[in-house]
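**Q** coordinates for the following, if possible.
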Amino acid sequence: MEKQRTKLNNIAAKKFLCRYELKLGAKVVGTLMCLVMLACIIACIVQALGLNDCKSCSYNSWKHAYSLSISAAVYCFILLCVNLWFLWGVYKEKSSVILSWVVITAVWLAQTICLLIVLIIQYSSEAAFVAWVICLCLAILCIGILLYCLLVGYGYWLELKNKGNQEQ
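**A** Numbering: from 1, shown residues only. As a prediction, the model looks like this:
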């Protein structure tokens, strides 16, 4: 177990963008994640409102799409609250809040990756090859950015944990 923890500690961010302190990086990551969640909430609400005007939709498909849009908006709102909690934890230097955010965000990121894989496979036959490759490249880029954000949060948690150990 200790070896695995050491390997994970080796890939954790030591500085934000190789230049800035991790506390600033955690603030930027928290703000970025809040903006992403706000954009997702707005997109889900607009999609749900757009579904009200669907004349060609059968009742069952409309009902399922509408309920999924509302569920996604609620889910994103909960994640917005988690990210606001993370920002509060960064300002108060609460290591337990930071670690909780890392775990919740890791689960969210794993879920997002699975969803992206399913969607890319599902629509691979319907999309042109060039469009499919562009979507795949953008998905990999976005996952890389989100993974880096997760590693910044984890690195900041390590920093707070080591700071707490040195004070004792």
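
**Q** mind checking the longest helix of this structure?
**A** For the chain, the longest helix by residue count, based on DSSP state H, is helix 129-167.

**Q** mind checking how far that one is from the chain centre?
**A** 9 Å (CA atoms, centre = their mean, to the nearest Å).

**Q** that helix - contacts with which helices or strands?
**A** Applying 3 or more CB pairs under 8 Å, 6 or more residues apart in numbering; DSSP states H and E, one finds that helix 129-167 contacts helix 2-11, helix 22-51, helix 95-123. The C-beta positions use only the backbone N, C-alpha and C, and glycine is treated the same way.

**Q** let's see it at 10 Å
**A** Helices and strands touching helix 129-167, by 3 or more CB pairs under 10 Å, 6 or more residues apart in numbering; DSSP states H and E, are helix 2-11, helix 22-51, helix 59-92, helix 95-123.

**Q** orientation of the third one relative to helix 95-123 in degrees?
**A** Looking back up the chat, that one is helix 59-92. Here the directions of helix 59-92 and helix 95-123 differ by 150 degrees (axes from the mean of the first three to the mean of the last three CA atoms, to 10 degrees).

**Q** can you check the second one too?
**A** Helix 22-51 and helix 95-123 are oriented at 40 degrees to each other (the same axes, to 10 degrees).
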